[in-house]
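Asker: no letters, just coordinates:
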């Protein structure tokens, strides 16, 4: 039986030092990703290192991440299978070339959603210029604008929620479902509905099932946006004390 795991990266397999349980004085931490200037910024705990060692012995590991191609390239782990990046907007093959079939599918419908995204983004930028600390950013990868996210210097979800309630939720493209939002910690994202991890994973699953009729699949992730792709899999792995874990624990 062939085994695949579709694996979210940040806050599942590693995280920033601020989020590490024992902090910088834990000698067992290992660097897993770097900033563009070469500064280490993501680390794996001892348990996460063990998880990677275990998975790499028996699974084909498919990263499913919000990172763009450059941020993914700054991860140190030796991934060998396909990769889902940009929240599902782009799929890379094993040679790290863009999956042309998936890209063509995205580009057939993306322009309509980009217009809606740019309209909302203009309103977001007006709001953030009037209120200090907000840092909006449109994600441009492969010369294509895919989605946007906002962070805040105080690193609180509560502050981002003020922007969410005032500008994003009332927007017509959010109300009609053309765009959707997601918030998790100091990250508020706005995305076209066609960009999501679930559709990208479903696309790869169909490909793998053609190759391996006897297939066992796992999904792993920390965020509510990971739930949809995880439910496509036979089993789920959810890190403790994460957004998705707390959501399930409260049911």
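Answerer: Right, received. Where do you want to start? From a predicted model like this one, the values you see are computed outputs, not experimental measurements.
Asker: which of the residues in stretch 93-111 are classified as buried?
Answerer: Neighbour-count burial for stretch 93-111 flags 99, 102-103, 106, 110 (criterion: 16 or more other C-beta atoms under 10 Å). Using the backbone N, CA and C atoms, a C-beta is placed for each residue, glycine as well.
Asker: tell me which of those fall in helices.
Answerer: Counting by DSSP state H, the buried residues of stretch 93-111 place 102-103, 106, 110 in helices.
Asker: let me know the closest of those residues to residue 119.
Answerer: Nearest to residue 119 out of these is residue 110 (C-beta to C-beta; 14.8 Å).
Asker: does that closest one touch residue 193 like I think?
Answerer: No: with contact defined as C-beta atoms under 8 Å, residue 110 and residue 193 do not form a contacting pair (10.9 Å).
Asker: how about the helices in this protein?
Answerer: 46-58, 69-73, 100-130, 157-163, 172-175, 197-211, 227-230, 243-249.
Asker: packing partners of the longest one?
Answerer: Under the contact definition 3 or more C-beta pairs under 8 Å, 6 or more residues apart in numbering; DSSP states H and E, helix 100-130 sits against strand 90-92, strand 134-141, strand 144-152, helix 157-163, helix 172-175, strand 179-183, strand 188-192.
Asker: now for those, which one comes closest to residue 40?
Answerer: Closest of the helices and strands packed on helix 100-130 to residue 40 is strand 144-152, at 19.6 Å (criterion: C-beta to C-beta).
Asker: list the helices and strands the closest one packs on?
Answerer: Using 3+ C-beta pairs under 8 Å, 6+ apart: strand 144-152 touches helix 100-130, strand 134-141, helix 157-163, strand 188-192.
Asker: now do 10 Å
Answerer: helix 100-130, strand 134-141, helix 157-163, strand 179-183, strand 188-192 (3 or more C-beta pairs under 10 Å, 6 or more residues apart in numbering; DSSP states H and E).
Asker: hang on, isn't residue 51 packed against residue 220?
Answerer: Yes: in this structure residue 51 lies within contact range of residue 220 using C-beta atoms under 10 Å: 8.7 Å.
Asker: find residues that contact each of the two.
Answerer: Both residue 51 and residue 220 are contacted by 7, 12-13, 237, 239, under the criterion C-beta atoms under 10 Å, 6 or more residues apart in numbering.
Asker: what's the most buried one of the helices of the chain?
Answerer: helix 227-230 (a mean of 21; mean count of other C-beta atoms under 10 Å).
Asker: so for that helix, mean pLDDT?
Answerer: Helix 227-230 comes out with an average pLDDT of 97.
Asker: so how far is residue 83 from residue 73?
Answerer: 10 Å (C-beta to C-beta, to the nearest Å).
Asker: what do the two both touch?
Answerer: 67, 96.
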